[in-house]
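In: Predicted model and sequence below, questions to follow.
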Amino acid sequence: MKNNNLELYQKLITKNAHISIIGLGYVGLPLLLALGKEGFSVTGIDIDNEKVEKLKQNISYISDISNKELLDAINTIENVNFANKYDSIENSDAIIICVPTPLNKTKDPDISYIINATEKLAKYSLKNKLISVESTVYPGATEELILPTIIKQNPNLTVGNDFNLVFSPERVDPGQNYWNLKNTPKIIGGITKNCTEIGTALYGTLCNQVVQVSSARAAEMTKLLENTFRATNIGLVNEMAIISQKLNIDIWEIVEAAKTKPFGFMPFYPGPGLGGHCIPVDPRYLDWKLETLNSESKFIKLSEEINFSMPNFVVSRIKDIFKNLNITNPKILILGLAYKPNVSDIRESPSIDIMTLLNKENIKFQYNDPMVKSIEIEGQTYKSQNIDSELLKNTDLAIISTDHSIYNWEYITNNLKYIFDTRNALRNIKK
């Protein structure tokens, strides 16, 4: 390890480094607070002025972090700043990129955020610095996309000697409290071995276990395998749910019975579709990369087809229910808008797809979600309705789309005529 890298290494392991984090969402903000509490000087950068101003006023916009938790964390950090500009890059020892990498309207990867962030940080001298990418990208992106962007504006610098570049995918699971940055193993792969060692020095101060892989490309592929595994297995059980419905079999009973096998089976559960920042998105990054190589993954495409069709299946079932009940002009209540329980995140939420389909069918609906106060569907704003006996008794059918733990299912079931439970939320309710 050369002297400049050795100096950076010492700064990181002794926590005397200044770290800038670009992107203060569900990944970047908790990471900033955790690093700050470890003793690092930290600056959070986000182009969203509203987020920056809220943080300066100790107001959280993330459901996993309360205002009190945010204030308590900030009060324990000796040096923390928030900004909408990149000025802190100049004096930073490490820069961590945590910007979104969503899909666009054609379901192709949108890498504009990460390109924009890289171009902005590359305007500053990156000599003797570490750049870590946590945003999900396709295999090869760190080396083929991010590295050339940096070198273009820093042509005299050599990666691994003058600066260090690693990919270390986020493994955040919103809405649960057990797995966190400390006890979740951290994957890291650098452009060079020196890069990996420098990156390990940073994350080793925060994480109990850092798992080094051979390259940034290997780290990128690891992230995609993790969530493609989940997406394809959910696709399988969603298809089993469709098959079971045609055979008049309870899929939930089948999964519960199958998981009693102590080997060779891992339970996955059906639902109204896939949502969130990772599972619907990450397999598409791999599929897209294969398309650029004139290849494809039939398995990924098939699971995508099934998972993305589930909102249509739900709406088809709804129409059949009303036809069998001989109900015209039905009134529907959707319970839960977020993509998973106990979060406010609606990214890629199947509930939104269901609402859009109902709107196109001219089927009237209302919704309740204690964590999502309003939503715009095709130009029309819907507000979350308060759950009371009047609302429930005037509802022909309720659709349980997200099983928030705050819901009082016994009260809800006692006041409703019919319920379509897409989440098995009523498994413990006797009626």
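Out: Perfect, thanks for sending it.
In: ok, now how distant is the residue lying farthest from the centre of the chain from D396?
Out: Note on the chain: the largest separation between a C-alpha and the mean C-alpha position, by Cα atoms, centre = their mean, falls on N326 (40.7 Å). Distance from N326 to D396, counting by Cβ to Cβ, to the nearest Å: 11 Å. The way it works is simple: take the backbone N, C-alpha and C, and place the C-beta from them, glycine included.
In: And for G199?
Out: According to Cβ to Cβ, G199 and D396 sit 56 Å apart.
In: Stretch 74-83 spans what distance, first to last residue?
Out: The first residue of stretch 74-83 is 15 Å away from its last residue (Cα to Cα, to the nearest Å).
In: who has more neighbours, G199 and D396?
Out: Neighbour totals were compared for G199 and D396, and G199 leads with 29 against 18 (other Cβ atoms under 10 Å).
In: Tell me how far the more buried one lies from L358.
Out: Counting by Cβ to Cβ, the gap from G199 to L358 is 47 Å.
In: One more: R423?
Out: Per Cβ to Cβ, R423 is found 18 Å from L358.
In: Repeat that for N79.
Out: Note on N79: its distance to L358, by Cβ to Cβ, is 51 Å.
In: Same check on G336?
Out: From G336 to L358 the distance is 15 Å (Cβ to Cβ).
In: Repeat that for L290.
Out: Taking Cβ to Cβ, one finds L290 at 35 Å from L358.
In: higher neighbour count, those two?
Out: Each of L290 and L358 has its neighbours counted (other Cβ under 10 Å); L358 has more, 22 against 16.
In: Am I right that that one is in contact with F365?
Out: Yes. With contacts counted by Cβ atoms under 8 Å, L358 reaches F365, the gap being 5.1 Å.
In: got any residues that touch both of the two?
Out: Common neighbours of L358 and F365 (criterion: Cβ atoms under 8 Å, 6 or more residues apart in numbering): I332.
In: so where do the strands sit in the stretch 51-200 of the chain?
Out: Using DSSP state E, counting those that start in this stretch, the strands of the stretch 51-200 of the chain run over 80-83, 94-97, 130-133, 164-167, 186-190.
In: right, so the ones you listed: which one is the most enclosed?
Out: Ranked by mean neighbour count, the strands of the stretch 51-200 of the chain are led by strand 164-167 with a mean of 30 (mean count of other Cβ atoms under 10 Å).
In: Which residues does it contact?
Out: With Cβ under 8 Å, 6+ apart as the criterion, strand 164-167 contacts 5, 8, 129-133, 137, 142, 146-147, 150, 159, 188-192, 194-196, 198-199, 216, 219-220.
In: likewise stretch 309-317?
Out: By Cβ under 8 Å, 6+ apart, stretch 309-317 touches 238, 242, 245, 270-274, 350, 353-354, 357-358, 361, 399, 420, 422.
In: Can you pick out the ones from these that are in helices?
Out: Within the contacts of stretch 309-317, residues falling in helices by DSSP state H are 238, 242, 245, 350, 353-354, 357-358.
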